[in-house]
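Enquirer: One predicted model, sequence on top.
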Amino acid sequence: MSFSPKTFLQDSDCLAQSLSVSKDHATILLRTTEHDQVIRSILKLTFLPSHVDALSSTNDVRNINAEDLGSAFTPEDSSRILEFLRNYEFDLSSESGAEYSYFNARPNRGSSLLKWLFSNIPTAFQVELISPASEKQIERAMPVPSHFMISETPKLFQQVVAPYIRTVLDSGSLAWVENVITGSKEAERLLLDTEHYVLNVDTKWKTHPDPSIITKDNWKNYKTALKDLYCLAIVKEKGLATIRDLRKHHIPMLQDMLIQCTAAIEQIYGLSTDQLRIFFHYHPQFYHLHVHFTRLENEAGCQVERAHLVTDVVQNLELDGEFYAKRTMTYKIRSNDKLYKLIQGADASP
């Protein structure tokens, strides 16, 4: 089910708390109640730099755990933030899966024109809504006091990380992935559908022409958007959460993906394989195996401590079919990430 920011803002019991505010962005946590169930949602706002005073909170949430954020809401901050947001209408621009949706915000018609012409309040901006937001999504949206490097041995993976991933999978928070694979969601973003995977326009590609309005044969004509190319291939096989689960028999699927997905991208966007970066994340944003396709100019998500080129993964599996089951994986993790706390607890155990 998709929500609109308006749904929550009309709720008289809605509370708001800023998680982060910068010159060009703001991240807001909303808390509402429906049928005695608490719903937490994240609003990510991108717009002009005049919003800082209206959206800043007096509370510093950097050292508060995601599960303890209920105590961070203050009436004064909440009222000021909600007053700001209620000045806008939210027009849906696109949606993804169950919880991600994107809106264009504009001043509502009940607002005075002079108010917008002679104030520092932005007249329009973009909004990403995540609702309902999981604890992990809230953790990712919060400011981070610090990061740490983790050397995840096979033993640590089996004892701590694998059970953690299983709890995430069992929570049902990834139901949206199946919706994308079956085409019940994001059908307008579909680039390729094969027996083993689908390739879609990633919703992070914000400058992509609107798939619901612009036909696919015209997408390559939007030259300024092509520098931001970001596509996502999602594997259909169940039980593959990360590259840790890949084995030698998966090599043909990965090789086929490299051939078919790059061919589709070249046909639709006119970009050749040598202009693309194709990689996995470890740890990924969500635990269902997927591959990122970006243009070389787009460096989002390609940090050396997180990204693993698919060509390297194939070669490693050719050398040893259980390479990723055996190797120690090194990666950066947020200090407020639940997995980091579990790893710390394991290290402290006798």
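Expert: Yep, it's here. As the structure is a prediction and not an experimental result, all values here were calculated from the model.
Enquirer: ok, and for stretch 321-331, which residues are buried?
Expert: Going by neighbour count (16 or more other Cβ atoms under 10 Å), the buried part of stretch 321-331 is 323, 324, 327, 329, 331. The way it works is simple: take the backbone N, C-alpha and C, and place the C-beta from them, glycine included.
Enquirer: again, but for stretch 273-291
Expert: In stretch 273-291, counting by 16+ other Cβ under 10 Å, buried: 275-284, 286-291.
Enquirer: How about stretch 221-237?
Expert: Buried-residue list, stretch 221-237, by 16+ other Cβ under 10 Å: 225, 226, 228, 229, 230, 231, 232, 233, 234, 235, 236.
Enquirer: which other residues reach it?
Expert: Stretch 221-237 has contacts (Cβ atoms under 8 Å, 6 or more residues apart in numbering) with 177, 180-181, 191-192, 195-202, 204-209, 214, 220, 253, 257, 261, 265, 269-271, 276, 288-295, 297-298, 300.
Enquirer: mind redoing it with 7 Å?
Expert: Residues from elsewhere that reach stretch 221-237 (Cβ atoms under 7 Å, 6 or more residues apart in numbering): 177, 180-181, 191, 196-202, 204-205, 207-209, 257, 261, 265, 269, 271, 288-295, 297-298, 300.
Enquirer: Looking at the buried residues of stretch 221-237, which gets the smallest pLDDT?
Expert: Lowest pLDDT of those: residue 225, 89.
Enquirer: Now do the buried residues in the helix or strand where residue 314 lies.
Expert: Assigned by DSSP states H and E, residue 314 belongs to helix 310-319. In terms of neighbour count (16+ other Cβ under 10 Å), helix 310-319 has its buried residues at 310, 313, 314, 316, 317.
Enquirer: ok, of those, which one's closest to residue 95?
Expert: residue 310 (28.0 Å; Cβ to Cβ).
Enquirer: residue contacts, that closest one?
Expert: 254, 258, 278, 279, 280, 291.
Enquirer: coming back round to it: how distant is the helix holding residue 314 from the center of its chain?
Expert: Between the centre of helix 310-319 and the centre of its chain there are 26 Å (Cα atoms, centre = their mean, to the nearest Å).
Enquirer: Could you do stretch 328-345 as well?
Expert: Taking mean C-alpha positions (Cα atoms, centre = their mean), stretch 328-345 and its chain are 19 Å apart.
Enquirer: Rounded mean pLDDT for it, please.
Expert: pLDDT averaged over stretch 328-345 gives 92.
Enquirer: For the closest residue to residue 168 other than its chain neighbours, which three-state class applies?
Expert: Leaving aside its chain neighbours, residue 168 sits nearest to residue 287 (5.4 Å; criterion: Cβ to Cβ, 6 or more residues apart in numbering). Following DSSP: H, G, I helix; E, B strand; the rest coil, the label given to residue 287 is coil.
Enquirer: circling back: for the buried residues of stretch 273-291, work out which two are farthest apart.
Expert: 275 and 287 (29.4 Å).
Enquirer: State the helix or strand in which residue 332 lies.
Expert: strand 329-334.
Enquirer: If you could redo that for residue 156, that was the one I meant.
Expert: Judged by DSSP H and E, residue 156 forms part of helix 154-156.
Enquirer: any residues touching that helix, and which ones?
Expert: For helix 154-156, contacts defined as Cβ under 7 Å, 6+ apart pick out 325, 326, 343, 346.
Enquirer: Can you report how many residues lie near the residue lying closest to the third one once chain neighbours are set aside?
Expert: If I follow you right, that is residue 343. In this structure, residue 343 finds its nearest non-sequential neighbour in residue 160, 5.7 Å apart by Cβ to Cβ, 6+ apart. A total of 19 residues lie near residue 160 under the criterion other Cβ atoms under 10 Å.
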